[in-house]
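Chemist: here's my sequence, what's the structure:
(one chain, ligands or ions: 1)
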Amino acid sequence: MVLVFAESPRGQIKKTAFEAVTYGKKVADQLGTSCVAVVLGTNAANAGELGKYGASKVLQVADAALNDFDSQTYTAVLADVAKQQGAKVVVLCHTSTGKAIAGRLSVRLGAGLVSGVNSLPETGTFSVRKSVFSGKAIVDYSIKSDVKIVSLMGNAVRPDASGSPVSIENISVSVPAGRIRVKSVKTQEGTVPLPEAEIVVSAGRGMKEPTNWGIVEDLANTLGATTACSRPVADSGWRPHHEHVGQTGIAIRPNLYIAIGISGAIQHLAGVNNSKVIVVINKDAEAPFFKAADYGVVGDLFEVVPRLTEAIKKFKAAH
Ligand SMILES: Cc1cc2nc3c(=O)[nH]c(=O)nc-3n(C[C@H](O)[C@H](O)[C@H](O)COP(=O)(O)OP(=O)(O)OC[C@H]3O[C@@H](n4cnc5c(N)ncnc54)[C@H](O)[C@@H]3O)c2cc1C
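Modeler: You can find the predicted model right below:
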């Protein structure tokens, strides 16, 4: 059986969890087995929706102690669920939660782990692919252990909701007392978090000053995109640090990455070059970013960006 841990912070199933279940179902089909999802905590009202994405069952450990994330407790519970259910493959999301659990779970289950995979396993060898060295190389790993764990990169799989919802089954697993207590959680509201965003509009030092960001936000709002920035922009306090993408920032993999006034230094590219489509707007035709771009506009961003936003608005109004 393929067990997928479906993250549901504050009771909301994450988009990456729908992707992980879609992936888990494909792996289960390859192995001729079923895909089962598990949610932790008491609030997971829409967990039955995971059935649409391929889970034949949704299990819930409905203990209030699991409503806040604690990697030690979560790992202990997930290990017990995996053993109880006889899971041969465990799929996690490659999120901060998944990353915190993966290594611990691998030790508890004696399982081989490949984190951050972006391909289905090859039938027979269970060989999975991931990119390494900031996207400069691709490695295929074969997992040899009886129980296997993978964590799946965000946006590596398009969620497929062609199935039907299933009912949620409560299961009993002992929940160990946590050694830490979550006192408060502050979440960023309003926008899709960068690792989950399908469209990202990002800007760099070419913006000249923080008060110019209105045109970037307009474009992002028009596209339903999340905003990002280069490191010097965050370091100068022009934009919040959680928007900083790159080698020392967040690594993302959106379907569309629009880079405005960013030169395309290797450290920036390291975090964004796995994007499916890259559009670069820069006034310098020699900017290194153009080498990584699928589409490029050589021009002054202060002219190009508002015109692009207008064109998209017109297109949307007409369709
Ligand atoms: C160890 C290390 C780690 C790093 N990690 C990161 C990281 O994670 N992320 C990151 O981003 N950087 C990182 N950096 C910094 C990186 O090397 C670059 O310095 C940085 O990415 C440059 O940011 P930028 O492209 O915004 O600015 P610049 O390099 O100054 O580029 C600005 C660009 O805007 C263009 N431009 C200017 N005016 C206009 C206009 N009117 N219209 C159109 N285009 C215009 C220019 O042609 C230029 O290409 C790291 C550096 C080091 C040493």
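Chemist: for Gln85, what are phi and psi?
Modeler: Taking degrees, to the nearest 10, you get phi -90, psi -10 for the backbone angles of Gln85.
Chemist: so it sits right up against Val36, yeah?
Modeler: Yes. Checked against C-beta atoms under 8 Å, the pair Gln85 and Val36 is within contact range at 6.3 Å. Yep, even glycine has a C-beta here, placed from its N, CA and C like the rest.
Chemist: which parts of the stretch 151-300 of the chain are helices?
Modeler: Taking DSSP state H, counting those that start in this stretch to define them, one finds helices in the stretch 151-300 of the chain at 214-223, 231-235, 266-272, 289-292.
Chemist: quick one: closest of those helices to Thr309.
Modeler: With C-beta to C-beta, the closest approach to Thr309 among those belongs to helix 214-223: 4.6 Å.
Chemist: contacts for the closest one next, please.
Modeler: 199, 201, 203, 207, 225-227, 256, 258, 260, 301-302, 305-306, 308-309, 312-313, 316 (C-beta atoms under 8 Å, 6 or more residues apart in numbering).
Chemist: among those residues, which are within reach of the ligand?
Modeler: Subset of the contacts of helix 214-223 in contact with the ligand: 301-302, counting by C-beta under 6 Å from any ligand atom.
Chemist: check the contacts of helix 214-223 for burial and list the buried ones.
Modeler: Among the contacts of helix 214-223, the ones that count as buried by 16 or more other C-beta atoms under 10 Å are 199, 201, 203, 207, 225-227, 256, 258, 260, 301, 305, 308-309.
Chemist: now, among those, which is nearest to the ligand?
Modeler: Ranked by distance to the ligand (C-beta to the nearest ligand atom), the buried ones among the contacts of helix 214-223 are led by Leu301 at 3.5 Å.
Chemist: can I get stretch 273-281 in PDB? Just the C-alpha atoms.
Modeler: These are the backbone C-alpha positions of stretch 273-281, laid out as PDB (Å, rounded to 0.1, in the frame of the first residue of the first chain):
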ATOM      1  CA  ASN A 273      15.600  27.600 -12.800                       C
ATOM      2  CA  ASN A 274      13.200  24.700 -12.200                       C
ATOM      3  CA  SER A 275      10.300  26.900 -13.100                       C
ATOM      4  CA  LYS A 276       8.400  25.500 -16.100                       C
ATOM      5  CA  VAL A 277       8.300  28.800 -18.100                       C
ATOM      6  CA  ILE A 278      10.600  31.800 -17.400                       C
ATOM      7  CA  VAL A 279       9.800  35.300 -18.700                       C
ATOM      8  CA  VAL A 280      12.500  37.900 -18.300                       C
ATOM      9  CA  ILE A 281      12.000  41.700 -18.600                       C
END
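Chemist: picking that back up, pLDDT and distance to Ala292 added to the buried ones among the contacts of helix 214-223, as a markdown table?
Modeler: Output for the buried ones among the contacts of helix 214-223, formatted as a markdown table (pLDDT from 0 to 100; distance: C-beta to C-beta, whole Å):
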| residue | pLDDT | distance to Ala292 |
| --- | --- | --- |
| Ile199 | 97 | 17 |
| Val201 | 98 | 17 |
| Ala203 | 98 | 16 |
| Met207 | 98 | 20 |
| Ala225 | 96 | 19 |
| Thr226 | 96 | 20 |
| Thr227 | 97 | 20 |
| Leu256 | 97 | 14 |
| Ile258 | 98 | 13 |
| Ile260 | 98 | 15 |
| Leu301 | 98 | 18 |
| Val305 | 98 | 19 |
| Leu308 | 97 | 19 |
| Thr309 | 98 | 23 |
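Chemist: and of these, the nearest to Ser172?
Modeler: Checking the buried ones among the contacts of helix 214-223 one by one against Ser172 (C-beta to C-beta), the nearest turns out to be Thr226, at 39.1 Å.
Chemist: perfect, that will be all.
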